[in-house]
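Undergrad: How does the following fold in three dimensions:
(chains A and B)
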Amino acid sequence: MKKLVEILARSLVDYPDKVEVNQVEGEKSIILELRVDEDDMGKVIGKQGKIAKAMRTVVKAAAAKEGKRVVLEIIK
Amino acid sequence: MPGEVREVEKTGKNIEEAVEIALAELEIDREDAEIEILEEGNKGLFGIIGNRAARVIVKEKKRPEKIIRAFIEKVFEAMHIEAEMQLRTDGDHFYVNFHGKDLGILIGRRGDTLDALQYLVSLAVNREVQKRVRIILDVEEYRRRREETLMRLAQRLSEKVRRTQKHVVLEPMNPQERRVIHTALQNDPAVYTFSQGNEPYRKVVISPKK
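TA: Predicted coordinates for the structure are as follows:
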């Protein structure tokens, strides 16, 4: 799951080396904390959060396959 | 930076050799390269006097097909999805169709997941290429079949509206799906269509023409 977020985020930003994903795993749910360079925030959030929403949709689909709930948080 | 174009400058006895060296270093094929000749090179008189080396700049061409394939392959691997990918293009549009088992997950509720992935691949590709391209992802022709379903629905409801002379409000749909309904009925003599509400709950209304 962490890998997926890294791939998606790195393909969108100007500074892929600054992409960091921290995965906190619970029993039924996973929390993914995404950090990117300050200048890249817009690139992973998008207008009205459109990009963030698309990433969440894809990540949720992947998690559903493993029967887990997933929360993707973008951290400043 | 992924948006950066990889390029090298190389010299050789002739252009051919310089290009070969550059391609080898970039690890790309000739069809993926843009070649700029800086110095033609000159054997010189009797190969001794005025001997000049050929000098070229070779740039990696960013072909959308390549970026699309690489992106999808990486994403599918991370999602543990196995699918066959077919890609066809008319130059501006890239249609990518997937075949495989259990790809329902890739479609999602009413195509949500497919739309999201399509949006992300489009962003990832268009930041790397010079000319903007449109990418359409599909699973087992899901979009085409959905379009046919919507067109049949439009016809059925148009008849109902004509019969009852009462308007009909459809389920919320995304812009592409609404467009299918509008287009299907735009020349219908008995009804007209419009959309109401806000995304993502925007709905098509089919109304009788007075």
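
Undergrad: can we go C-alpha only for contacts and neighbour counts from here?
TA: Noted.

Undergrad: B:Glu73: which element?
TA: Here B:Glu73 sits within helix B:64-79, counting by DSSP states H and E.

Undergrad: Quick one: check that helix for contact with chain A.
TA: Yes: for helix B:64-79 and chain A, the contact criterion (Cα under 8 Å from any Cα of the partner chain) is met by B:Phe71, B:Lys74, B:Val75, B:Ala78, B:Met79.

Undergrad: For A:Met1, see how far away the residue of chain A most remote from its centre is.
TA: Going by Cα atoms, centre = their mean, the residue of chain A most distant from its centre is A:Glu27, 19.6 Å out. Going from A:Glu27 to A:Met1 by Cα to Cα, to the nearest Å gives 15 Å.

Undergrad: hang on, the earlier thing: show the buried residues in the residues of helix B:64-79 next to chain A.
TA: Buried subset of those (neighbour count, 16 or more other Cα atoms under 10 Å in any protein chain shown): B:Phe71, B:Val75, B:Ala78, B:Met79.

Undergrad: what residues are up against the second one?
TA: It stands for B:Val75. Applying Cα atoms under 8 Å, 6 or more residues apart in numbering or on different chains, we find B:Val75 in contact with A:Leu4, A:Ile7, A:Leu8.

Undergrad: so where do the strands sit in the chain?
TA: I'll assume chain A. Secondary structure of chain A (DSSP state E): strands at A:20-25, A:29-35, A:69-75.

Undergrad: oops, chain B please
TA: Using DSSP E, the strands found in chain B span residues B:7-12, B:33-39, B:54-60, B:84-89, B:93-99, B:134-139, B:168-172, B:191-196, B:203-208.

Undergrad: Can I get the ones you listed in JSON lines including distance to A:Val59, mean neighbour count and mean pLDDT?
TA: Below are the strands of chain B laid out as JSON lines (distance: least, Cα to Cα, whole Å; neighbours: other Cα atoms under 10 Å in any protein chain shown; pLDDT from 0 to 100):
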{"stretch": "strand B:7-12", "distance to A:Val59": "35", "mean neighbour count": "18", "mean pLDDT": "91"}
{"stretch": "strand B:33-39", "distance to A:Val59": "35", "mean neighbour count": "15", "mean pLDDT": "89"}
{"stretch": "strand B:54-60", "distance to A:Val59": "32", "mean neighbour count": "22", "mean pLDDT": "91"}
{"stretch": "strand B:84-89", "distance to A:Val59": "20", "mean neighbour count": "13", "mean pLDDT": "94"}
{"stretch": "strand B:93-99", "distance to A:Val59": "19", "mean neighbour count": "17", "mean pLDDT": "95"}
{"stretch": "strand B:134-139", "distance to A:Val59": "17", "mean neighbour count": "21", "mean pLDDT": "95"}
{"stretch": "strand B:168-172", "distance to A:Val59": "24", "mean neighbour count": "16", "mean pLDDT": "95"}
{"stretch": "strand B:191-196", "distance to A:Val59": "31", "mean neighbour count": "18", "mean pLDDT": "96"}
{"stretch": "strand B:203-208", "distance to A:Val59": "27", "mean neighbour count": "21", "mean pLDDT": "97"}
